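J.: the following comprises the amino acid sequence and a computationally predicted model.
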Amino acid sequence: MKSPRLCGWLLAVFVLVAACLLSLLIGTKSIPVGEVWLALTGTSTTPDHVTVIEYRVPRTLLGLLAGLALGVAGCLMQGLTRNPLADPGLLGVNAGAAFAITIAVGLLGVSDLTSYVWFGFAGAALVSIVVYRLGTAGRTGTDPVRLTLAGVAATAVLSGLTRGLILVDPKAFDEMRRWDSGSLAGRGCEIVAGATPFILVGLVIAALCARSLNAVALGDDLAQSLGVHVSRTRLWTALALVLLCGTATAAVGPVAFVGLAVPHIARWLVGPDQRWIFAYSLVLAPILVLTADVLGRLIIRPDEVPAGLITAFLGAPVLIWLARRAKVGAAA
């Protein structure tokens, strides 16, 4: 008999495939399944071919990549800090990316998305490294509480500087408004190609760290007694966080709630094993991002609501329901 967790994961994979298909079918203009298939196989002769290949395929792939990255980054962040409600943004990734992009657009005059996405990635990586160094300074090594406080402090400072620059130069706000709302629209194949290597490397590192994070969750002393090198595990985990969350944030902007809600939902479904949480988050997070993007295209059609706004509306009620359910179960 197959494991219930494996059956649930396979069901989630089926739902993910359906979400990808809906992302290709639905937009300002709905395109039939047959026409989408002809476009994908290169045999379509209608204008829908351009819509599918140049706009919807890159958008779907980017939603898939961003979901993978943010979901796994949430797993890593919660395992690193031993806090089931920690968010990847606590390491200052979103704030670092936003600050770097604001400088690029407002002060350096960069206006092309394919150019300032690299500023966003560099800012996210640099701030994450600084925060990690602050969180590991001293004789006691890595302290999850100190790491979280360093991230919160960096986020507060950089967010204030970013808003100040935007007020000084309103053009910066106009240029980065779509990025700041967490939208998948307007991203081409070059963004997908640029983000893919970083995210794949981050996923591999995260997979290698998953088993060690199970031991770290038991406490540093017990983890060391089990043969786990705690400092090395945290270093590699932080590197994976930079690659995953930094790349996703730089490519699509801050997509709210995915890194917080999805790992928590996965933990509720499969228990505390980081390997299963990792596997479920790999599937559930892209489902959330792609579903949010599809709904955003339908709500105020022909205009769109950014996916980053929809994920908050979808994720928050689910997380509140799960929290209340857990409290009721504990009381019983």
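T.: Ah, there it is.
J.: what segments of the stretch 201-332 of the chain are helices?
T.: For the stretch 201-332 of the chain, the helices defined by DSSP state H, counting those that start in this stretch occupy 220-225, 230-252, 258-270, 274-299, 307-331.
J.: residue ranges with poor pLDDT in the stretch 101-250 of the chain?
T.: 111-114, 136-144, 169-176, 217-220, 226-227 (pLDDT under 70).
J.: and the residue nearest to Arg267 when sequence neighbours are not counted, how many residues sit next to it?
T.: Nearest residue to Arg267, sequence neighbours excluded (Cβ to Cβ, 6 or more residues apart in numbering): Ile277, at 5.4 Å. Any C-beta I mention is one placed from the backbone N, CA and C, and that applies to glycine too. By other Cβ atoms under 10 Å, the residues close to Ile277 number 30.
J.: distance to Ile129 added to the helices of the stretch 201-332 of the chain, as JSON lines?
T.: Formatted as JSON lines, these follow (distance: least, Cβ to Cβ, whole Å):
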{"stretch": "helix 220-225", "distance to Ile129": "22"}
{"stretch": "helix 230-252", "distance to Ile129": "7"}
{"stretch": "helix 258-270", "distance to Ile129": "19"}
{"stretch": "helix 274-299", "distance to Ile129": "23"}
{"stretch": "helix 307-331", "distance to Ile129": "25"}
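J.: between those helices, which gets nearest to Ala207?
T.: Closest to Ala207 of those is helix 274-299 (Cβ to Cβ; 6.7 Å).
J.: sorry, back to before: can I assume the residue nearest to Arg267 is in contact with Val270?
T.: Yes: using Cβ atoms under 8 Å, Ile277 is in contact with Val270, at 6.3 Å.
J.: okay, stretch 57-76 in PDB with CA atoms only?
T.: Provided in PDB are the C-alpha atoms of stretch 57-76 (Å, rounded to 0.1, in the frame of the first residue of the first chain):
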ATOM      1  CA  VAL A  57       4.900  30.300 -21.600                       C
ATOM      2  CA  PRO A  58       7.600  32.600 -20.000                       C
ATOM      3  CA  ARG A  59       5.000  33.900 -17.500                       C
ATOM      4  CA  THR A  60       4.000  30.300 -16.500                       C
ATOM      5  CA  LEU A  61       7.600  29.200 -16.300                       C
ATOM      6  CA  LEU A  62       8.500  32.200 -14.100                       C
ATOM      7  CA  GLY A  63       5.500  31.500 -11.800                       C
ATOM      8  CA  LEU A  64       6.700  27.900 -11.500                       C
ATOM      9  CA  LEU A  65      10.300  28.900 -10.700                       C
ATOM     10  CA  ALA A  66       9.200  31.700  -8.300                       C
ATOM     11  CA  GLY A  67       6.900  29.300  -6.500                       C
ATOM     12  CA  LEU A  68       9.600  26.600  -6.200                       C
ATOM     13  CA  ALA A  69      12.100  29.100  -4.900                       C
ATOM     14  CA  LEU A  70       9.900  30.900  -2.400                       C
ATOM     15  CA  GLY A  71       8.300  27.700  -1.100                       C
ATOM     16  CA  VAL A  72      11.600  26.000  -0.400                       C
ATOM     17  CA  ALA A  73      13.100  29.200   0.900                       C
ATOM     18  CA  GLY A  74      10.300  29.300   3.500                       C
ATOM     19  CA  CYS A  75      11.200  25.700   4.500                       C
ATOM     20  CA  LEU A  76      14.800  26.600   4.900                       C
END
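J.: and it, how far out from the chain's middle?
T.: Distance of stretch 57-76 from its chain centroid, counting by Cα atoms, centre = their mean, to the nearest Å, is 6 Å.
J.: average pLDDT for it?
T.: Averaged across stretch 57-76, the pLDDT comes to 91.
J.: same check on stretch 81-89?
T.: For stretch 81-89, the per-residue pLDDT averages 71.
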